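Structure here, sequence nowhere to be found:
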């Protein structure tokens, strides 16, 4: 079975074609700057095959044209890996917001399509783009290829009301669905099952804390395979500080700044989502590599940004240990989780009271894409670096649904 995974942004389309016989990646890539003028040399079409990367320029007016280009790359171009697009058995789509309507991945039909659109106000930057991707695919393949929606929020749907409700008037939950949803669900699901495999145990007997750390970051508490709490909330802005996002702040700070600067809620939203976080505190960058370099050079604000980030992560980990009455494994994943040597070390340094003592030499040499256990098998709390694979998680869900048709 061959599964095509699609992840659409407002002006981008990422893709990955997988052979589920052995879960191998036949081809992957991205198309960027959709709907924008291409001046040449921008290499907006990216193809990765057999460990090699190829790029070229092509102006594509919309997502339908972009998906048509994916079809061309996979089945007609010099990089092709299939003889015909008819070899693709199903298409899996990442959809950010499923609300409380969807607790698992589903085959997309007219109702699901309508629901995704209706949920767009809860994820205005993501759901419309995800929907564009589905409709672009449908315009090319019609009804001949089943398409599946895999929701970021689905894995978090096991949270109890005490974890997902906010202490605001209850009618806001009833009328506007204001509650905690959580995101990065496919990543948290993948690495939590992966760590159970690494430990040689059933996930149903483990208490796990998964730390997906990147430009956008979240932490989840997973007890016996079910999420009991997670750091992101109504939107991906909640939680701890990220690349350009503030994370949780006193709500009065928001209203105070709006009044002081005489700005609109939309302008405030831009500040909190795009002009805050590590970038704002450091004054350097939102890229952790730049922060590490500035920190090594003695930049005090970069040092502060990193210290704040580690401290906030530890507070979430500590609260989730309390919420689950213990923890068996802590997992670092995502771009920073897999590359952030300093951050991993700093976070773990706070956990000595739990008996956590990591192998610093192994921590220092483990980089993105690798897997490592930083503790010993005999330790009460074990710490892992695991590479996430959201595309594989989406492909697996898609294959499972298609097999049952």
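Alright, I've got the coordinates. Everything quoted here is computed from the prediction, not taken from an experiment. Residues are numbered from 1 along each chain as shown.

Okay, residue 201 and residue 244: tell me how far apart.
Going from residue 201 to residue 244 by CB to CB, to the nearest Å gives 38 Å. Every C-beta, even on glycine, is put in place using the N, C-alpha and C of the backbone.

Neighbour count for these two, which is higher?
Taking other CB atoms under 10 Å, residue 201 and residue 244 do not tie; residue 244 has more neighbours (19 against 13).

Surely the more buried one and residue 272 touch.
No - between residue 244 and residue 272 no contact is recorded; they are 9.1 Å apart, counting by CB atoms under 8 Å.

Looks like residue 370 contacts residue 386 (just checking).
No - in this structure residue 370 lies outside contact range of residue 386 using CB under 8 Å: 9.2 Å.

which residues are common contacts for those two?
Common neighbours of residue 370 and residue 386 are listed as residue 338 (criterion: CB atoms under 8 Å, 6 or more residues apart in numbering).

So which of these two has more stuff around it?
With other CB under 10 Å as the criterion, residue 370 and residue 386 differ in neighbour count, and residue 386 comes out ahead with 24 against 11.

and the residue lying closest to the more buried one once chain neighbours are set aside, how many residues sit next to it?
Spatially, and ignoring its direct neighbours in sequence, residue 386 is nearest to residue 191 (4.8 Å; CB to CB, 6 or more residues apart in numbering). By the other CB under 10 Å criterion, the neighbourhood of residue 191 contains 32 residues.

Next, residue 191: secondary structure please.
Remark: residue 191 carries the secondary structure label helix [criterion: DSSP: H, G, I helix; E, B strand; the rest coil].

and it, how far is that from residue 396?
14 Å.

Likewise for residue 122?
In this structure, residue 122 and residue 396 are 26 Å apart, going by CB to CB.

Also residue 309?
If you go by CB to CB, the gap between residue 309 and residue 396 works out to 32 Å.

which one of those two has more residues nearby?
Higher neighbour count among residue 309 and residue 396: residue 309, with 28 against 22, using other CB under 10 Å.

Let's see the pLDDT reported for the more buried one.
Residue 309 carries a pLDDT score of 98 in this model.

Just name whatever secondary elements the longest helix seen in the chain is in contact with.
Ranked by residue count under DSSP state H, the longest helix found in the chain is helix 300-324. Packing contacts for helix 300-324, counted by 3 or more CB pairs under 8 Å, 6 or more residues apart in numbering; DSSP states H and E, involve strand 207-212, strand 218-223, strand 226-230, helix 277-282, helix 288-296, helix 341-349.

So which residues make contact with that helix?
Counting by CB under 8 Å, 6+ apart, 163, 207, 209, 211, 213, 217, 219, 221, 223, 228-229, 231, 239-241, 247, 278, 281-284, 291-292, 294-295, 327, 330, 342-343, 346-347, 350-351, 354 sit against helix 300-324.

avg pLDDT for stretch 392-400?
The predicted model gives stretch 392-400 an average pLDDT of 96.

now stretch 177-193
The average of the pLDDT scores along stretch 177-193 is 96.

Quick one: end-to-end distance for it.
Taking CA to CA, to the nearest Å, the span from the opening residue of stretch 177-193 to its closing residue is 30 Å.

and that stretch, how far out from the chain's middle?
Here stretch 177-193 shows a centroid-to-chain-centroid distance of 8 Å under the convention CA atoms, centre = their mean, to the nearest Å.

Stretch 369-376 now?
Mean-position distance between stretch 369-376 and its chain equals 21 Å (CA atoms, centre = their mean).
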